[in-house]
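[1] What would the 3D arrangement of this be:
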Amino acid sequence: MNPVEIKNLTVAYQKKPVLSDVSFEVPEGKLIGIIGPNGAGKSTLIKAVLGLIPKASGEIKIFGKNYNAKDKVVGYVPQRGSVDWDFPTNALDVVLMGRYGHIGWFKRPSKKDMELAMECLRKVGMESYSNRQISQLSGGQQQRVFLARALAQDAKIYFMDEPFVGVDAATERAIVDLLNELKKQGKTVLVVHHDLQTVKDYFDHVILLNMRTIAEGPTEDTFTIENLHRTYGGKLAFLEKDRVMVNQK
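    Numbering: from 1, shown residues only. Just a heads-up that it's a prediction; the model follows:
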């Protein structure tokens, strides 16, 4: 049974399709890149899968069932720009939010939950910032905290919406290490990603998206110049530049 199965998914804003008849399946225990130009519907896809926005039609299955947030099988890292970083809370409390699906919203975290949250902060290099207000953290540090929160959820599938955007090299390396650790644990991770140069280094499997599914499959077979041209359309100069860089890697 595949972790995620999408069949004929259509999502529209004000009757204008943003995703049209999208279909794909993803294998378990893989790092999967969702690749496409701006406006292709990548973030919309994730939000539709998670039930954060309504779908017009189609089927979304998580391990063969309709998604239910109470099942605790899915973790989510949103775009950093969509988060209210002025909310008065510290890094440890943000990570503990990832445990609420296990302990309930109206129960206090146990000592075990606290220890697990600190361990998640340690894994992303943020243990010493546990009591720091999130508004006082740098962009890269904030992203690491949200990654730690996702780890604390102990999910089977993770959706990450452009986790590499606006972070420094050290944070990017930390994110890559975390992705590989999740893969070793048998987790399935889907990542919205825009840097074509690093796709082959980071992902086992790719979904090329531009309002519809252009291609999907193992990176080696699917992430080709021909498919990129089909995905990015008329942006040929941009792709020709990336073509040289990709071929040099």
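[2] C-alpha from now on. contacts and neighbour counts both.
    Fine.
[3] quick one: what helix or strand has residue 211 in it?
    Assigned by DSSP states H and E, residue 211 belongs to neither a helix nor a strand.
[4] Against residue 186, how distant is it?
    In this view, residue 211 and residue 186 are 30 Å apart by CA to CA, to the nearest Å.
[5] who's more crowded, these two?
    residue 211 (23 against 14; other CA atoms under 10 Å).
[6] Now for the closest residue to that one other than its chain neighbours: which residues touch it?
    Of all residues not flanking residue 211 in the chain, residue 19 sits nearest, at 4.4 Å (CA to CA, 6 or more residues apart in numbering). For residue 19, the contact set (CA atoms under 8 Å, 6 or more residues apart in numbering) comprises 9, 10, 11, 12, 40, 41, 44, 45, 211, 212.
[7] Identify the bridge partners of residue 19.
    Judged by DSSP bridges, the bridge partners of residue 19 are residue 11.
[8] start the count at 824, not 1, going forward
    Right, with 824 as the first residue, what we last looked at is residue 842.
[9] separation between it and residue 1020?
    The value you get for residue 842 to residue 1020, if CA to CA is used, is 25 Å.
[10] shaky segments in the chain?
    In the predicted model, the chain carries pLDDT under 70 at residues 892-893, 904-906, 908, 923-930, 1057-1072.
[11] how about the helices in it?
    Secondary structure of the chain by DSSP state H: the helices cover 865-872, 914-920, 923-926, 934-946, 962-976, 992-1007, 1022-1025, 1042-1045, 1048-1055, 1059-1071.
[12] surely residue 995 meets residue 987?
    Yes. Between residue 995 and residue 987 there is a contact under CA atoms under 8 Å: 6.0 Å.
[13] which one of the two has more residues nearby?
    Between residue 995 and residue 987, counted using other CA under 10 Å, residue 987 has the larger neighbour count: 23 against 18.
[14] so who does that one touch?
    If you count contacts by CA under 8 Å, 6+ apart, then residue 987 has 995, 998, 1016 around it.
[15] do you know how far residue 913 is from residue 1026?
    Separation of residue 913 from residue 1026 (CA to CA) stands at 32 Å.
[16] So which of the two has more stuff around it?
    residue 1026 (22 against 18).
[17] so what's the residue lying closest to the more buried one once chain neighbours are set aside bridging to?
    Nearest residue to residue 1026, sequence neighbours excluded (CA to CA, 6+ apart): residue 854, at 5.0 Å. Beta-bridge partners recorded for residue 854 (DSSP bridges): residue 1012.
[18] This completes my enquiry, with thanks.
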